[in-house]
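Participant: structure, please.
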Amino acid sequence: MAENAGVATVERIYVEVVKPLPSSERLKLAMLILNGIPEESLVDYSTEWSEEDVRDFTEDSMRTIEQLLEQPEIPTSRQAPLTR
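Facilitator: Numbers count the residues shown, from 1 in each chain. Here you go, the predicted structure:
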């Protein structure tokens, strides 16, 4: 419930205080807010994989392949195989 109250408060502040400001002032405010967020709070969406990422992916892939190979083969249909 407290979280919803926080959202209502933020929306109220935006509507009553921020929205009426001139665009230039809103931009300054947005920059102040964004610059105030610590860098460690940001998510790294890097497209590069570390050696650890590659190793983990390879190990998990091999484990999955081994599990699939250990399973008995399940026929995909009930039809008799074609003969020539």
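
Participant: output the below-cut-off pLDDT ranges for this structure.
Facilitator: In the prediction, the chain carries residues with pLDDT under 70 at positions 1-4, 74-84.

Participant: just the helices in it please.
Facilitator: Assignment of helices within the chain using DSSP state H yields the ranges 2-13, 23-35, 51-70.

Participant: nearest to Leu42, out of these?
Facilitator: Closest approach to Leu42 among the helices of the chain is made by helix 23-35 (10.1 Å; C-beta to C-beta). Any C-beta I mention is one placed from the backbone N, CA and C, and that applies to glycine too.

Participant: now what about the closest one, what contacts it?
Facilitator: Residues outside helix 23-35 that contact it (C-beta atoms under 8 Å, 6 or more residues apart in numbering): Val18, Lys19, Leu21.

Participant: report the buried residues of it.
Facilitator: For helix 23-35, a neighbour-count test (16 or more other C-beta atoms under 10 Å) marks nothing as buried.

Participant: excluding covalently adjacent residues, which one is nearest to Lys19?
Facilitator: Ranked by C-beta to C-beta, 6 or more residues apart in numbering and with sequence neighbours excluded, the top spatial neighbour of Lys19 is Arg26, at 7.9 Å.
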